[in-house]
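Q: The sequence and its predicted three-dimensional model are supplied below.
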Amino acid sequence: MTHAPVKTPMDIQCLAATDPVTWLEQPTDCLILGVPEENWQSVPLLQAVDLATDGLLDRCCERDELPRRAGATLMLHAPHGLQAQRLLLVGMGKPSANIATQVLATARAAASAWLASRADSAIWVLEVPALSALPAAQCAALTVRALREADYRFDRYRSEGVPPPMRRSVVLAIDPESEPAVSQTLAVAIATANGVELARDLGNAPGNVCTPTHLADTAAILAARWPLDVEIFDQAGAEALGMDAFLAVAKGSSEEPRVIVLHHRGGPASQAPIALVGKGVTFDAGGISIKPSAAMDEMKYDMCGAATVLGVMRACAELALPLNVVGIIVACENMPGGNALKPGDVIRSLSGKTIEVLNTDAEGRLALCDALIYAQRRFAPAALIDIATLTGACVVALGSVHSGLYANRDALAEALLAAGRWCADSAWRLPLDEEYQPLLKSTVADLGNDGGRQAGSVTAACFLSRFVGDNVAWAHLDIAGTAWKSGEHKGGTGRPVSLLVRYLSELAARD
């Protein structure tokens, strides 16, 4: 098969001008301007556009064609009086309570409209009164995310009919006062986008390509390119570590499991690291408790927790964050087979706790519990965060809007929630009350791996909490509803890479 050419990321820069009217005089393929829902005539830049174009905006308004509601767009070609070849007007709507999400949605609409044209350059003016509640740096970060998401393509397994990718460039136009903050944020936003795209590529790769070995190879490539250290444990290595619960999941597959440890050593050696633990089930057939065949192809996305960790580690290295971060990935397949784990089996975890396997499709927690113990024993982390496409129950509870968040410390939970709000990669905190723990009771072992239909996402988190020490700050992100989209636009989203990079960046800035 002849693979489609790999796309080069678009060039995104910021440029400041004291007088916003300067942007009307700059040659570009496309000038992108926001239009508030009300009183567009009060915006000096829009006034200047209307004057330069002999009342073009006023005429659009009279014909009720001027975009006003959030996300509405109007592309005008060869506007007389401007240096731009195209003028893209984007409705901003009224500021909502969740302004970051609104800005992201609006920026996505603008990015899609621009990329649907043949324009290969653009000037994007960020200074819009409707966004006055949002700092320019945050607006720039959301714009970069929208641009890179809209420009993403995954065509590498197509052999024909793929047009060659265009090389795009965009200038984010800002005022001089905002320039230092925007420039700094822009670097973080681009590194984050690179991490998101890595996570999306890994998630979108077919299961016969993205195997546990492929994840390990990806980690090794990252370590060769960036200042990261990597350790990879094969089947024998995982056995030597004593990860029997994790290895029990892998028994039914012919693909060898891998345990991957990536180190970003940005802080002093004495600094306890932030440990990120990712579930890397590269295909989840459910094991003996086999899943229904409908949409089973999407179970290649069950490694998106691992993909998130790799994406975040790449961003940490690119940004040279002054922080110690360790990423731990447990990668395997969950398949039916003659040697597969069976319902009713009792296995022993790395902690010594015994687990009755009531459902082999509740496998992610079996892999993660060993990884959580390993992370605590080896690294004594300052905070421990696991990321996993863990439960369909979380999708039922939260849909695809919020990732599920569980935490045993309020401070850690709020830091993660705040990071998600800032970058519109939101999470919603769910309970870890002790009253849920009896649902995991087993008649033959220390605990069962399935709490039944009630509160399925909660009991999965409660299971993991049994493997976290009382003195450890721990959070669990259930990304089963947010890591990929189903249906017509099926594909990996790269969430929650943005949330975690923002959290780590804020942590590094405080330290």
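A: Okay, I see it. Numbers count the residues shown, from 1 in each chain.
Q: C-alpha from now on. contacts and neighbour counts both.
A: Noted.
Q: can you count the residues close to the nearest residue in space to residue 363 that is not next to it in sequence?
A: Leaving aside its sequence neighbours, residue 363 sits nearest to residue 249 (CA to CA, 6 or more residues apart in numbering; 6.2 Å). Residues lying near residue 249 (other CA atoms under 10 Å) number 30.
Q: Same check on residue 116?
A: Neighbours of residue 116 using other CA under 10 Å come to 11.
Q: cool, and residue 224?
A: Neighbours of residue 224 using other CA under 10 Å come to 12.
Q: Also the one 4 residues further on?
A: Residue 228: 22 surrounding residues under other CA under 10 Å.
Q: Now do the contacts for it.
A: Neighbouring residues of residue 228 by CA atoms under 8 Å, 6 or more residues apart in numbering: 222, 262, 263, 264, 265, 317.
Q: Remind me which helix or strand the nearest residue to residue 147 once chain neighbours are set aside belongs to.
A: Among residues not flanking residue 147 along the chain, residue 111 sits closest, at 5.4 Å (CA to CA, 6+ apart). Residue 111 belongs to helix 99-115 when assigned by DSSP states H and E.
Q: Ok, residue 14 next?
A: Residue 14 belongs to strand 11-16, assigned by DSSP H and E.
Q: Sheet partners, orientation included, of that strand?
A: strand 169-174 (parallel) (DSSP bridges).
Q: Please identify the buried residues of the partner strand?
A: Judged by neighbour count (16 or more other CA atoms under 10 Å), strand 169-174 contains these buried residues: 170, 171, 172, 173, 174.
Q: Also stretch 485-501?
A: By 16+ other CA under 10 Å, the buried positions in stretch 485-501 come out as 485, 491, 492, 493, 494, 495, 496, 497, 498, 499, 500, 501.
Q: ok, the first one - contacts?
A: Residue 485 sits next to 400, 491, 492, 493 when contact means CA under 8 Å, 6+ apart.
Q: any idea which of those is closest to residue 414?
A: Set against residue 414, the nearest of the contacts of residue 485 by CA to CA is residue 400 (20.5 Å).
Q: Helices along the stretch 401-511 of the chain, start to end?
A: 410-422, 456-465, 497-510 (DSSP state H, counting those that start in this stretch).
Q: Among those helices, which comes closest to residue 151?
A: Among those, the nearest to residue 151 by CA to CA is helix 497-510 (16.8 Å).
Q: Check the spacing between the residue of the chain positioned farthest from its centre and residue 47 real quick.
A: No residue in the chain has its C-alpha farther from the mean C-alpha position than residue 54, which lies at 44.7 Å (CA atoms, centre = their mean). According to CA to CA, to the nearest Å, residue 54 and residue 47 sit 11 Å apart.
Q: where does residue 351 land in three-state SS?
A: Assigned with DSSP: H, G, I helix; E, B strand; the rest coil, residue 351 falls in the coil class.
Q: so where's the protein shaky on pLDDT?
A: Residue ranges of the chain with pLDDT under 70: 1-7, 127-132, 161, 511.
Q: after the longest helix along the chain comes which helix or strand?
A: For the chain, the longest helix by residue count, based on DSSP state H, is helix 179-204. Per DSSP H and E, the first helix or strand lying C-terminal to helix 179-204 is helix 212-225.
Q: Identify the residues contacting the next helix or strand after that next one?
A: Note on helix 212-225: by DSSP H and E, the next helix or strand toward the C-terminus is strand 229-233. For strand 229-233, the surrounding residues in contact (CA under 8 Å, 6+ apart) are 216, 219, 220, 223, 258, 259, 260, 261, 262, 263, 264.
Q: now the fourth one: how far from residue 415?
A: Okay, so that is residue 223. Counting by CA to CA, the separation of residue 223 from residue 415 is 28 Å.
Q: Once you drop chain neighbours, what's closest to residue 146?
A: The nearest residue in space to residue 146 (CA to CA, 6+ apart) is residue 108, at 4.8 Å.
Q: How many neighbouring residues does the closest residue to residue 115 other than its chain neighbours have?
A: Excluding its sequence neighbours, the residue lying closest to residue 115 (CA to CA, 6+ apart) is residue 151, at 7.1 Å. By other CA under 10 Å, the residues close to residue 151 number 18.
Q: do the same with residue 378
A: Around residue 378 there are 8 residues (other CA under 10 Å).
Q: for residue 377, same thing?
A: 11.
Q: now the helix holding residue 111 against helix 410-422, angle please.
A: Here helix 99-115 runs at an angle of 30 degrees relative to helix 410-422 (axes from the mean of the first three to the mean of the last three CA atoms, to 10 degrees).
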